[in-house]
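Visitor: Pasting the sequence and the predicted coordinates here, then a few questions.
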Amino acid sequence: MIRVRPATPSDARDLMAVRFAVKENVLTSSRAAELGIDAGAIADMLGKGQPPSHVCFCAEDGDTVVGFSMGDLRDGSVYALFVRPEHEGKGVGARLMAPLVAALRDAGHATLTLTTERDTRAFGFYARRGWVERGSNDLGEAVMTLPGQDVSRFDEARRSRLRLVRPDGRFEASYRAYLDELGDEERYPFPMDFDPQDFDAMLRRIERFERGVDLPDGYVPSSTFWLVDGQDLLGVSNLRHRLNSGLRACGGHIGLGIRPSRRGEGLGIELLARTIEQARARGIGDVHIHCHAGNEASARMIRRVGGVLQSEHVPPDGARTVLRFVVAHPNARP
Ligand SMILES: CC(C)(COP(=O)(O)OP(=O)(O)OC[C@H]1O[C@@H](n2cnc3c(N)ncnc32)[C@H](O)[C@@H]1OP(=O)(O)O)[C@@H](O)C(=O)NCCC(=O)NCCS
């Protein structure tokens, strides 16, 4: 009988033996050595003497390891899925994949990625399980993603109380209290920096940004949304209607913030997901979302809604590194 269990660093040798036994996607020991893949490296990845960078599950038949799945906890990618040829066709791959997908999602990745050669059985295996081909990598292999599921942390009743509204004078008191809470903190998104003294004038300015009127250099038209619960303003987002070269480098389509006293409740995820819906309604396919390296809450929030890290941008002026994520359109192929 086949048993699936989490693998540990001490399984590394057995995992390598499975890796060398497969007949498709063959890896020779000399190529493995060139790539620096050996039992020692695998043991390290699984947490030998250091925090694990990867998670792994293995399938055993009696005492023999007959397959394993392994994923990268840092970026939500599937690193490996291999089953010994004599154990193929028995559902072992599917049993290895399910806990891996769950573990990578638990690590904060809504959308998972993998690369595999086309015209292999692996490709069909993934496609039948909801993985969608998104394009090719530098080696010409297919890049596939498994889209995220419903991301909201809230039950239906709570969700229906939360509303995404256009900036409105009815929330003036709450907006001012929000600004007081922010104090000297850097403000996101940028309309939070508009002078609120004349509240109506501020609202009109936000509206001019939406219509693309009187935009400062480098700005594109953008819509501002407020996430409210009753009379309380909980968060603010801004959706750029398109990217220009500056926003592509740093800024992306969406900026947002949650009022300090309400952070960590899942409202950032909620606001971002709803703002992405607005982006889709505008016909924006791939939604670019950026955050500074070290902004852990922001990076986790972006991953939760399906963001996949595309690149890191180190600004030439020595400013903070920018992590650039993309939330791909569920049906889009770039
Ligand atoms: C970034 C921000 C919008 C996130 O909103 P939030 O409501 O606090 O976040 P959520 O409660 O929705 O949680 C999002 C994720 O961040 C994690 N998180 C929340 N606060 C965190 C913290 N202080 N440190 C690390 N992770 C944190 C949550 O656990 C969650 O991840 P998980 O689902 O993997 O557990 C909010 O913290 C904020 O307004 N920060 C200041 C402005 C800012 O940085 N904006 C982003 C600019 S790109």
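Guide: That came in fine, so what should we check first?

Visitor: can you give me the helices in the chain?
Guide: If DSSP state H is used as the criterion, the helices of the chain fall at 12-21, 29-35, 39-45, 92-106, 121-128, 156-161, 172-182, 199-211, 245-249, 267-281, 296-304.

Visitor: Show me which residues of the stretch 1-150 of the chain are close to the ligand?
Guide: Proximity of the stretch 1-150 of the chain to the ligand, by CB under 6 Å from any ligand atom, involves residues residue 108. (Glycine included, C-beta is placed from N, CA and C.)

Visitor: tally of neighbours for the residue of the chain found nearest the ligand?
Guide: Of all residues in the chain, the one sitting closest to the ligand is residue 268 (2.1 Å; CB to the nearest ligand atom). For residue 268, the neighbour count with other CB atoms under 10 Å is 26.

Visitor: now the one 4 residues further on
Guide: Other residues lying near residue 272 total 27 when counted by other CB under 10 Å.

Visitor: how close does the residue nearest to it when sequence neighbours are not counted get to residue 171?
Guide: The shortest distance from residue 272 to any non-neighbouring residue, by CB to CB, 6 or more residues apart in numbering, is to residue 305 (5.1 Å). According to CB to CB, to the nearest Å, residue 305 and residue 171 sit 24 Å apart.

Visitor: Counting neighbours, go ahead and name the busier of the two.
Guide: Set side by side, residue 305 and residue 171 give different neighbour counts by other CB under 10 Å, the larger being at residue 305 (24 against 18).

Visitor: That one against residue 147, yeah?
Guide: No - here residue 305 does not reach residue 147: they are 10.8 Å apart, not a contact under CB atoms under 8 Å.

Visitor: OK, contacts around residue 207?
Guide: With CB atoms under 8 Å, 6 or more residues apart in numbering as the criterion, the residues that contact residue 207 are residue 167.

Visitor: Retrieve the pLDDT associated with it.
Guide: The pLDDT attached to residue 207 in the predicted structure is 96.

Visitor: Also residue 79?
Guide: 94.

Visitor: For the residue nearest to it when sequence neighbours are not counted, list the residues it contacts.
Guide: Ranked by CB to CB, 6+ apart and with sequence neighbours excluded, the top spatial neighbour of residue 79 is residue 70, at 4.5 Å. The neighbourhood of residue 70, defined by CB under 8 Å, 6+ apart, consists of 7, 15, 45, 54-57, 78-81, 100.

Visitor: which residues do residue 305 and residue 147 both contact?
Guide: When CB under 8 Å, 6+ apart defines a contact, the residues bordering residue 305 and residue 147 alike are residue 110.

Visitor: still on that earlier bit, touching, the residue of the chain closest to the ligand and residue 235? I think so.
Guide: Yes - using CB under 8 Å, residue 268 is in contact with residue 235, at 7.0 Å.

Visitor: In the stretch 101-250 of the chain, where is pLDDT below threshold?
Guide: Across the stretch 101-250 of the chain, the ranges flagged by pLDDT under 70 are 149.

Visitor: and for residue 268 and residue 235, which residues touch both?
Guide: Going by CB under 8 Å, 6+ apart, residues that sit against residue 268 and also against residue 235 are 256, 258.

Visitor: any idea how far residue 131 lies from residue 62?
Guide: 31 Å.

Visitor: Which one's more surrounded, the two?
Guide: In this comparison of residue 131 against residue 62, neighbours counted by other CB under 10 Å, the higher total goes to residue 131 at 21 against 8.
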